[in-house]
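Student: coordinates only, sequence not included:
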């Protein structure tokens, strides 16, 4: 198995640990990832607000590059995953969009014929590798670790076909295969506010607070995420989200970090040290001895 | 010679008309006297209560009691005769149904005594003395009968075997009744000894009643010149005949007066007044309440008309005293 | 108490706007809207909105452009797609929100220093320049243009992220940045040609 | 209000549950009462319904018999004027009722104790409201208490 | 009539052996009434031999239980305390019959509708149940064996009303070989449907689907079509109705008129001057006219109100001239009364539309361009006054049209009910108006109600067509302009409740979607046929769910909108159902009637004749030779009025004998 790896901008910034742990997991499971050559920003949801057509063109460049290299794309960032998928859809559904994008690609000597699949790591791990194979490779079961699985919006909505849109369970099953205990978490697909924490801070914080306290109330030790922006929002504003009576201190890890730990990766290799809320004391308490 | 059957007569609250009716049997009374031995008949013969008390239980074959039960003494006599007699017969409307005295049930004892002893224009009673049950005078004291609040028919006080209806029973009714009682086969207990059919059956004016009757006004006899041939109801007169037991041969109607219902209802009717009310009202013209009321207003005294003889025996027995004032009285005691 | 005339005349409607919304990408089914309100109910942000998504759909298709474009709701939308997946009439509400944002930015229907359009503009500028986004610089640029004081408030967090290696001042760039320019020019040209 | 001992009448009224016998026409009020049931309307449990084919079947004797046997009220339900299933039965009821009311008046039985209502098959709500209203009015009047004569007399004082 | 076997009479005279059966009806009864307590209570009542409860007495095992007990315990009386006798009396009577007991030795106690469903307190409900059971036990002891009466069914059917429901019922019956009399008040059949342009949601042309059925009625050998006629009297009873029909004079001999309309052309009025009823006054007709081109029968009619010959007697009678030898015109024609005998009757008398003058704030009658929906149907219709072009009364073409829903519906000031069809026909009109004129069309609605096959999809289609849907009840239509764009137009003021502000919308044409109302003479009609109405005036069905086309009068059925607001498919379905009900009766050839008749015991009757005028059916006669009254059992319908009226208690009613009722009265009161 070989995929074009599309990290997206965040995995080179605040989401570095996501990239580090993802690569570790894929390596452990022997899936070959090759970074997409000279990939560019997908445009994210933000670009859409200014210039929709341009954002499709930008995203399509990445698709065209993958098609040129005959590879399907793995996009771990939720926004990238959504935008790439959406671009494919809209090019398919709207001839005007296809025309604009094709011309833009032609201008740089590329073209796109809709041959690329854009997939999320959850999808690949669950459907290409399989729970059995993963469980077989678990070295350090995450025994006793209570995990709130947080999917956020854009992985499952609106395009994911690999999981249920209302009650996704792919991450639950993967982490369970690694020995973790999944807690009931009704807000697993509720929005974290995205960039609202930056633009409309009070509202953004309110959404974050709901997600954190609900995880806390349901007995989670840690929240597992699939998206760099979700992870950032949930981890970085805990002090603001909590208050004197109800302080919040909840490690928020990428699901790949938890999987990598179980598969025997060292904490440093998967960026545990990059967490603002340290996970190590928790792991020690749970007697999960990782490398 | 075998002993003749013993017969007693007694009168309670009555006008004496029923005693008269016995006498009115005329020559036939001789047959009666020949056939029976009259052992008690205060109105005609000098027997005393103690004579009756001295008789063995059930020694009298038939006691004929007329009159309603108004006083405690009448009730005592009714019980006494009941115990001494094989058969107790209510004779006449008052014993049978309560009769005219029964209309006193529209009032209570207090108001009746007040009216009679204090308020009547002809009364002179400066001390305002009222009847009492105990009286002391000159060292003598007497116990006097008490005055009931409610008048009752005989069968409401003692078990009655048969009733002879009428106010008074006509000689024919009485004679037939006697024959029945002295006959071999007695009718079922409780039977009224008269035909169990309404008066119209024997009314001479029956054929003159139209099939479709719709009443627009009720009239009283003095309000019109009564056609002597035509059905009185058809003339707007309140004739109780349709709801009244036959047997009298429509004497009143023959006298050009409407039947007033003295023979009481047929055996199939519980309440004579309710039945005549129902049948007359059904025939009233008008579909609007006001029109109906206007026609019905020409019946000035429904209870006095429909229950003239049967108020004590009716389902309601008597007028309900103002319960509010009763409750008050009870509370103040 | 400020009293305002609230009655709307037909002259207040902009039929062109109503036509535009039902012909724009994602607006094909807006007329089918039953006004059931499931979108508003499922929206995590609707509790802060002046007009709920349901009401925006109605106002849009009726052509009440001013009300729609000056609504806070279009900026509150985080594009979480909750409304869209549940919509019984399969209306692409999320995409319509993008369309309304674009239109609002185009027609300058937003308060000065309102960070969301600024962020969008800075984002696009950075992509145009580098082909990629460097989060640290994007945040700095946005706050410089909207609320400098908040940049100071964020400095603590920034420092911690920097220490954790999650913030870099080295701008990310792609190799063939000229390609981005070419593409953007091409898009602009085609758009003009086709009057999109 | 000042606390005070209840008078006997108040005491009996406090625990007094009126007994009302109702005669309902099979085609209107009886159906309306059925409809009240299917509509799960709730009303006072004091009424005992006797079904007749037409209010015209209601013999005044029935009303008196009910009173004589302990009913505190009697309620007759028939079809609206002009709506009788048998064309005119209800007019006969109306006429009899008007005369009966005069008899009851003379006999000292309060007006509210005997009621005739026209209730069509559709008027379940009127069944409910009429019953509730009548129960309350009769409750306010207190028991009618027409006990049989023998008992009454034996209980009566003979003296003046 | 079958005799009651003497053994049955014997057994009923034996000492009562009563079985009491108390039904739980699931929790319907048992949830409120203490069923166990009732069973124990009943067991101690005099005459009761068996007392049981069961979850569902009406179920097969429940019925078997009673049947078995009758055999085992030699029961001769049965009490079932369950639901209303109107539901299951027949069921349990059959149980008695199967067990060899006379069916009328049963008494039902209604403890569901009259107790458990209307009371909340268990103790009170249980006490009430005891009283009712005690009364039933006392009553049933007096029950006598009775036999239902059989009467034969006249196979002819009367259908009243020639709208789509009446037409469909008549055709169904005639096709099944029955003779049908179809009586229609107007000069033509067709009803409201004939006035419609298209039908929702399929947009079928109304005339195209209706007129073939109308023609079929007109030419059917087994249908006697009497238009311009009214039923004036109905006597008799199920299977044997005697009906009088008044046939109004149309001054044209129907048998002679060919419908050539040469008389119409020849009329001395060269121009039509009188408002045309069929087009709701939107066009004119002459005094002699054919109501509309496809009218059935194709016979002209002369309106004496407007014809000169009738007004002055001095007309040149060019019509008679034009008719020539056919001599179909007869100015001396008089109204006639036809007597017919039928066994069953179907009422399909339809509805009327709400008169919007009653909502003055909509300006109907005041503003020329405010129309009712029915008028717009004519306006849109190709054979209508404008040949299908939407031309306003002022001659213009509308650029904007407002359709106001719920006019005369869902409004406590006028009619509280939903008229059910208005949403759909408003959508249809919106579609047609938009299609024909390209106008902006606004629908003002409170709720869109589109339940029905393809109805919601039609709504969705209209949404897509770009019709405006403004949710709100319009407050006012006026020509008061407050904005330059409103000048000279009709302004609709409404809260757009979805936008949450008030809007003023200028339009050129207002369509009032008027609701459906009972016919103004519904009360007279129902009295004529002895059926009931709901409080609103709709004919009342026997059971809203299980007997929707039957009435409380046996042999009289209802179909279509006379029973309540209803669209065409529902009306047709009901008409079919009513026809089937009538046929079921006809094909059974006889019907069994309750034996609740009154009877006179001859030796007791005094011949007072009181009862004779009390019977509305002339069932009581006076036997001159015997001088007694007698009741004709066949004519007696069993109301019991004569029984209550007999002053000597000599009339009794089967199943409702005085003694039985006295026992019931004293039974319910014999508490404590």
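Tutor: In hand now; what should we look at? Keep in mind it's a predicted model, so treat the numbers as computed, not measured. Residues are numbered from 1 along each chain as shown, chains lettered A, B, ... in the order given.

Student: can you pull out the helices in chain C?
Tutor: For chain C, the helices defined by DSSP state H cover C:15-23, C:38-42, C:53-62, C:65-69, C:73-76, C:82-86, C:93-106, C:115-130, C:135-146, C:148-163, C:177-194.

Student: mean neighbour count for those helices - can I get that in CSV?
Tutor: Just so you know, the C-beta spots here come from the backbone N, C-alpha and C atoms, and that holds for glycine as well. Shown next, in CSV, are the helices of chain C (neighbours: other CB atoms under 10 Å in any protein chain shown):
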stretch, mean neighbour count
helix C:15-23, 16
helix C:38-42, 20
helix C:53-62, 26
helix C:65-69, 22
helix C:73-76, 24
helix C:82-86, 23
helix C:93-106, 22
helix C:115-130, 21
helix C:135-146, 19
helix C:148-163, 13
helix C:177-194, 17
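
Student: where among those helices is the average confidence lowest?
Tutor: When the helices of chain C are compared on mean pLDDT, helix C:148-163 scores lowest, with a mean of 78.

Student: just to revisit the earlier point, and residue B:319, which of the helices of chain C is closest to it?
Tutor: Of all these, helix C:38-42 sits nearest to residue B:319, with 71.3 Å by CB to CB.

Student: residue in the stretch 401-550 of chain E nearest to chain B?
Tutor: residue E:527 (13.2 Å; CB to the nearest CB).

Student: so what does the one helix or strand that residue maps to touch, helix or strand wise?
Tutor: According to DSSP states H and E, residue E:527 maps onto helix E:522-528. Judged by 3 or more CB pairs under 8 Å, 6 or more residues apart in numbering or on different chains; DSSP states H and E, helix E:522-528 is in contact with strand E:229-237.

Student: tell me the domain ranges of chain C?
Tutor: C:13-106, C:115-195 (automatic domain parsing).

Student: list the residues that contact the closest residue to residue E:547 other than its chain neighbours.
Tutor: Among residues not flanking residue E:547 along the chain, residue E:541 sits closest, at 6.1 Å (CB to CB, 6 or more residues apart in numbering or on different chains). Each residue near residue E:541 by CB atoms under 8 Å, 6 or more residues apart in numbering or on different chains is listed here: E:547, E:548, E:549, E:550, E:551, E:558, E:563.

Student: looking at those residues, which are in strands?
Tutor: residue E:558 (DSSP state E).

Student: what is the nearest of the contacts of residue E:541 to chain A?
Tutor: Once CB to the nearest CB is applied, the member of the contacts of residue E:541 that ends up nearest chain A is residue E:548, at 41.5 Å.

Student: what's the spacing between the closest one and chain C?
Tutor: 31 Å (CB to the nearest CB, to the nearest Å).

Student: could you report the neighbour count for that residue?
Tutor: Residue E:548: 18 surrounding residues under other CB atoms under 10 Å in any protein chain shown.

Student: buried stuff in stretch E:231-242?
Tutor: Using 16 or more other CB atoms under 10 Å in any protein chain shown as the test for burial, stretch E:231-242 gives E:231, E:234, E:236, E:237, E:238, E:239, E:240, E:241.

Student: how distant is it from the center of its chain?
Tutor: The chain centre lies 17 Å from the centre of stretch E:231-242; the measure is CA atoms, centre = their mean, to the nearest Å.

Student: closest one to residue E:494 among the domains of chain C?
Tutor: Closest among those, once you apply CB to CB, is domain C:13-106, at 12.5 Å.

Student: next helix or strand past the worst-scoring helix or strand of chain A on mean pLDDT?
Tutor: When each helix and strand of chain A is scored by mean pLDDT, DSSP states H and E, helix A:44-50 comes last, with a mean of 71. For helix A:44-50, the following helix or strand on the C-terminal side (DSSP H and E) is helix A:52-68.

Student: if we can go back for a sec, show me which pair in the buried residues of stretch E:231-242 is furthest apart.
Tutor: Among the buried residues of stretch E:231-242, E:231 and E:239 lie farthest apart (CB to CB), at 17.7 Å.

Student: in the stretch 151-300 of chain E, which spans are strands?
Tutor: Using DSSP state E, counting those that start in this stretch, the strands of the stretch 151-300 of chain E run over E:157-160, E:180-183, E:198-199, E:204-205, E:223-226, E:229-237, E:240-247, E:274-275, E:284-285, E:288-289.

Student: most tightly surrounded among those strands?
Tutor: strand E:157-160 (a mean of 31; mean count of other CB atoms under 10 Å in any protein chain shown).

Student: quick revisit: who does the least confident helix or strand of chain A touch, helix- and strand-wise?
Tutor: Using 3+ CB pairs under 8 Å, 6+ apart as the contact test, the elements touching helix A:44-50 are helix A:52-68, helix A:78-93, helix C:93-106, helix C:115-130.

Student: thanks a lot, catch you later.
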